[in-house]
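Peer 1: From the sequence below, what's the structure:
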Amino acid sequence: MAKALPIMFQGTHSDAGKSVIATAFCRIFAQSGWKTAPFKSQNMSLNSYVTIDGKEIGRAQGIQAEAAGVVATTDMNPILIKPSREYESQIVVHGRPYKNMQALAYRSEFFEKGLAIIRESLDVLMNEYDRIVIEGAGSPAEINLNDRELVNMRVAHMANAPVVLIGDIERGGVFASLVGTLQLLEKEERQRIIGVIINKFRGDLALLKPGLDWFEQYTGVPVLGVVPYLPNLHIDAEDSVSLDQVPTTANPEKDIDIAVIRYPKIANFTDIDPFFAEPDCHVRFVTTASQLGKPDLLILPGSKNTIEDLLYMKRHGIAAQIEKLFHHHKVMIIGICGGYQMLGAIIRDPFEVETPIRETEGLGLLPIATTLEREKTTILSEGIVTFAGERFAVKGYEIHMGRSEPLAGYIPLIEMHGLEMHRRKEGGKSEDERVMGTYFHDLFHNDAFRESLLNHLRRQKGLAPLYGRKSFRTLREEAFDRLAACVKRHVRVEEIEEKMHVFQRRLNRSKLNLCAIKPLTLKERC
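Peer 2: Below you'll find the predicted structure:
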C-alpha cells in the first residue's frame with residue numbers, strides 16, 4: 001500500500017509561483033524529518049537538469065529535489081516537453097528523447113501512453129517517500145484542454161491529493177482569477193481545493209484584509225496564506241516567462257555590465273544565475289541590437305534551436321552588432337552550449353534534427369564546425385579550465401544534440417576528467433581569451449572560476465579585484481531556508497498538513513477515481 005501523503009499546488013496561470021511554493025514545501029517537509037519527493041507529471045520547459053545517472057528532467061524538479069535533500073530521478077518529472085519550433089516540441093520520456101511531435105499529435109496520440117508513464121512514476125514515488133509535493137502547470141481551468149490534460153486535476157485524482165490553488169497578486173486581478181478558476185472547475189474538482197495562497201504580495205496586509213474576508217465568504221474556500229514578494233531569491237526559474245522581469249538596460253551604479261542574448265528558443269538560462277548574486281554585477285537580457293550597448297561581458301546562452309536562433313540574430317542585426325563589439329570595443333564574449341555552436345564557423349543539421357535548414361554560417365569567432373546529431377548527450381561532467389594563466393577545477397553538465405570539431409587554430413578551454421572522458425578536450429577559446437565557448441552548463445556556478453573571470457573584467461576596467469565572493473551553492477541553500485521560513489511564517493502550514501491527513505482518509509474511503517468521473521453538464525453544475 002502506498003505510504004506517501006501527497007499535496008498538490010496548482011495556479012490560476014503560468015508563473016503564479018507554483019514552483020517556488022512547491023520548493024518551499026519540499027524544504028519544510030524535509031526539515032520536519034519527512035523523506036520528500038517533488039513531482040511534476042509533465043513539464044514544458046527549456047530549462048533542464050541532469051540527474052546523477054545522466055538523464056534529463058525539468059530544472060524545477062531537480063532544484064526541488066535539492067531543497068528536499070534527495071537525489072533527483074526521472075520519476076519526479078517523467079515527461080518533459082521542450083519546444084523546438086512553432087507548434088513542435090521534443091518529447092523527453094524518463095530523461096531520454098522520445099520523438100519530436102506537433103501539439104495536436106501529442107494530444108491525440110500520446111495521451112494514453114503518457115497516462116501510463118505518469119501513473120507508474122507516481123506509484124514509485126508514493127511507495128518510496130513519506131511526502132509528495134506535486135506541481136501542476138498553467139491553470140486547471142483551461143477548459144479547451146481538460147478532457148486530455150496530463151498535469152493538473154487528473155494527476156490530483158490519480159494521487160488522491162488535495163489541492164492548494166495559488167494566485168499571483170503582482171499581476172493584478174488576483175480575486176477575479178481565483179474566483180474564475182474555482183467556478184470553471186467541475187464540482188468534484190472544486191471539492192479537492194482545500195484552500196488558496198496569494199503569492200508575491202507587496203504592501204500593507206491590512207489593506208488586503210477586506211478582500212480576503214470577501215473571498216472566503218463568497219467562495220467558502222479558506223485563504224491559507226499571503227506570501228510576500230521575496231527579492232533576490234537565488235532559486236532557479238522554471239521557464240523564460242520569468243525573464244520578463246529582468247531589465248534590458250545597463251545600470252551605471254554597478255561595476256560590471258553583463259548582457260545576455262535572449263533569443264526565441266533560449267534554453268538553460270539559469271547558467272547566468274550566479275551573476276545575479278554578485279554585488280558588483282548587473283545582468284540584463286537583450287532582444288534587439290540597440291539594447292546591446294557596450295557590455296563588459298556578452299553571453300550567448302543555450303538554445304533549443306541553434307540555427308533558427310542564429311538566423312534570428314542575423315535578421316535583427318544582433319549578429320552584426322556582436323561583431324562590432326568584438327572588433328571595435330574589445331568586449332569579452334562567452335557562449336554556452338548552443339551559444340558556443342553559434343560562435344563557430346559553421347553549423348550543419350544534415351538529419352534535420354532541429355530545422356529543415358541544413359547548414360548556416362556561424363559568427364566565425366571560434367575555429368569550430370558543429371554537426372547536429374540524432375543522439376542527445378546528457379551527462380554530468382567535470383574537468384580543468386585554464387584561464388588567465390590559472391587552472392580551475394569545474395563541475396557541470398552537458399545537454400546537447402551536436403558535436404563540435406576543431407578547425408585550424410583551435411585552443412581547448414577545458415580538459416575533461418573521468419574514465420570515459422580522459423584527456424578529452426572540451427570547449428574552445430581565442431588566443432587572447434576574449435572569446436570562449438563550451439558545452440559545459442553551470443560553468444559560472446564554479447566559484448573560483450567565476451571570481452577569476454569577474455576580477456579579470458574588473459582589472460580591464462582599472463578596478464581593484466574583489467576576493468572572498470560567496471559560494472553560490474551556499475547562497476542557494478540559504479535561499480531554500482529563507483523561503484521555507486517565509487512560507488512557514490505567512491502560510492498556515494500545520495492546517496494544510498491536517499487537511500492532507502483528513503482529505504486522504506476521506507478519499508481512501510470514497511475511492512475517488514477521475515477516470516470514472518463523468519463531467520457534470522452545465523445544467524447540473526448550475
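
Peer 1: Show the residue spans covered by the helices in the stretch 251-400 of the chain.
Peer 2: 273-276, 289-292, 306-315, 318-329, 338-342 (DSSP state H, counting those that start in this stretch).

Peer 1: These: which one's closest to residue 166?
Peer 2: Closest to residue 166 of the helices of the stretch 251-400 of the chain, according to C-beta to C-beta: helix 273-276, at 22.8 Å. All C-beta atoms are positioned from the backbone trio N, CA, C, and that covers glycine.

Peer 1: Distance from the closest one to the middle of the chain?
Peer 2: How far helix 273-276 lies from its chain's middle: 14 Å, per C-alpha atoms, centre = their mean, to the nearest Å.

Peer 1: same question for that helix, mean pLDDT?
Peer 2: Across helix 273-276, the average pLDDT comes to 94.

Peer 1: one step back: turn the helices of the stretch 251-400 of the chain into JSON lines, columns for distance to residue 94 and mean neighbour count.
Peer 2: Shown next, in JSON lines, are the helices of the stretch 251-400 of the chain (distance: least, C-beta to C-beta, whole Å; neighbours: other C-beta atoms under 10 Å):
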{"stretch": "helix 273-276", "distance to residue 94": "27", "mean neighbour count": "20"}
{"stretch": "helix 289-292", "distance to residue 94": "40", "mean neighbour count": "17"}
{"stretch": "helix 306-315", "distance to residue 94": "25", "mean neighbour count": "20"}
{"stretch": "helix 318-329", "distance to residue 94": "37", "mean neighbour count": "16"}
{"stretch": "helix 338-342", "distance to residue 94": "24", "mean neighbour count": "30"}
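
Peer 1: Now render those as CSV, adding distance to residue 369.
Peer 2: Formatted as CSV, the helices of the stretch 251-400 of the chain follow (distance: least, C-beta to C-beta, whole Å):
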stretch, distance to residue 369
helix 273-276, 30
helix 289-292, 26
helix 306-315, 13
helix 318-329, 18
helix 338-342, 10
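
Peer 1: who wins for proximity to residue 55 among those?
Peer 2: Comparing these by C-beta to C-beta, helix 338-342 comes nearest, at 20.2 Å.

Peer 1: Output the contacting helices and strands for the closest one.
Peer 2: Using 3 or more C-beta pairs under 8 Å, 6 or more residues apart in numbering; DSSP states H and E, the elements in contact with helix 338-342 are strand 297-300, strand 302-303, helix 306-315, strand 368-387, strand 390-406, strand 435-438.

Peer 1: again, only using 6 Å
Peer 2: Judged by 3 or more C-beta pairs under 6 Å, 6 or more residues apart in numbering; DSSP states H and E, helix 338-342 is in contact with helix 306-315.

Peer 1: Counting by contacts, list what the helix it packs on packs against.
Peer 2: So helix 306-315, by 3+ C-beta pairs under 6 Å, 6+ apart, packs with helix 338-342.

Peer 1: Now tell me which helix or strand of the chain has the poorest mean pLDDT.
Peer 2: helix 522-525 (a mean of 38; mean pLDDT, DSSP states H and E).

Peer 1: To what extent is residue 367 buried, counted in neighbours?
Peer 2: 17 (other C-beta atoms under 10 Å).

Peer 1: again, but for residue 183
Peer 2: Neighbour number of residue 183 under other C-beta under 10 Å is 11.

Peer 1: what does the one 3 residues further on give?
Peer 2: Using other C-beta under 10 Å, residue 186 has 19 other residues around it.

Peer 1: Ok, residue 109 next?
Peer 2: 12.

Peer 1: And residue 261, by the same measure?
Peer 2: For residue 261, using other C-beta under 10 Å, the count is 25.

Peer 1: How about the contacts made by it?
Peer 2: Contacts for residue 261 (C-beta atoms under 6 Å, 6 or more residues apart in numbering) come out as residue 300.

Peer 1: any weak-confidence spans in the stretch 351-500 of the chain?
Peer 2: The stretch 351-500 of the chain contains residues with pLDDT under 70 at 418-423.

Peer 1: List the contacts of the residue lying closest to residue 337 once chain neighbours are set aside.
Peer 2: Spatial nearest neighbour of residue 337, chain neighbours left out: residue 302 (3.9 Å); criterion: C-beta to C-beta, 6 or more residues apart in numbering. Residues in contact with residue 302 (C-beta under 6 Å, 6+ apart) are 267-268, 336-338.

Peer 1: For residue 254, which of the helices of the stretch 251-400 of the chain is the nearest?
Peer 2: helix 273-276 (10.5 Å).

Peer 1: Need the residues that contact that closest one.
Peer 2: By C-beta under 6 Å, 6+ apart, helix 273-276 touches 258, 281, 283, 444-445, 450, 472.

Peer 1: what do you get if the cut-off is 10 Å, keeping everything else the same?
Peer 2: 232-237, 246, 256, 258, 260, 281-283, 297, 299, 442-447, 450, 453-454, 469-473, 475-476 (C-beta atoms under 10 Å, 6 or more residues apart in numbering).

Peer 1: among these, which are in strands?
Peer 2: Within the contacts of helix 273-276, residues falling in strands by DSSP state E are 256, 258, 260, 281-283, 297, 299.

Peer 1: follow-up on the earlier one: now the buried members of the contacts of helix 273-276.
Peer 2: Among those, the ones that count as buried by 16 or more other C-beta atoms under 10 Å are 233-237, 246, 256, 258, 260, 281-283, 297, 299, 442-447, 450, 453-454, 469, 472, 475-476.

Peer 1: Quick one: mark the members of those residues that sit in helices.
Peer 2: When helices are assigned by DSSP state H, the members of the buried ones among the contacts of helix 273-276 inside them are 447, 450, 453-454, 472, 475-476.

Peer 1: Pick the one among the ones in strands among the contacts of helix 273-276 closest to residue 217.
Peer 2: For the ones in strands among the contacts of helix 273-276, the minimum distance to residue 217 (C-beta to C-beta) is 44.5 Å, reached by residue 283.

Peer 1: close enough to count as contact, residue 76 and residue 66?
Peer 2: No. Applying C-beta atoms under 10 Å, one finds residue 76 not in contact with residue 66, separated by 11.3 Å.

Peer 1: higher neighbour count, those two?
Peer 2: Set residue 76 next to residue 66 and count neighbours by other C-beta under 10 Å: residue 76 wins out with 31 against 22.

Peer 1: returning to that earlier point: quick check: beta-bridge partners of the residue nearest to residue 337?
Peer 2: residue 267 (DSSP bridges).

Peer 1: and whichever helix or strand residue 82 is part of, what other elements does it pack with?
Peer 2: Element membership for residue 82, per DSSP states H and E: strand 79-85. Counting contacts by 3 or more C-beta pairs under 10 Å, 6 or more residues apart in numbering; DSSP states H and E, strand 79-85 packs against strand 42-44, strand 48-50, strand 56-58, strand 88-93, strand 96-102, helix 103-109, helix 111-128, strand 266-267.

Peer 1: Could you dump the ones you listed into a markdown table and include mean pLDDT and distance to residue 17?
Peer 2: As requested, the helices and strands packed on strand 79-85 are exported to a markdown table (pLDDT from 0 to 100; distance: least, C-beta to C-beta, whole Å):
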| stretch | mean pLDDT | distance to residue 17 |
| --- | --- | --- |
| strand 42-44 | 95 | 16 |
| strand 48-50 | 94 | 19 |
| strand 56-58 | 96 | 16 |
| strand 88-93 | 94 | 24 |
| strand 96-102 | 93 | 29 |
| helix 103-109 | 92 | 26 |
| helix 111-128 | 97 | 23 |
| strand 266-267 | 94 | 21 |
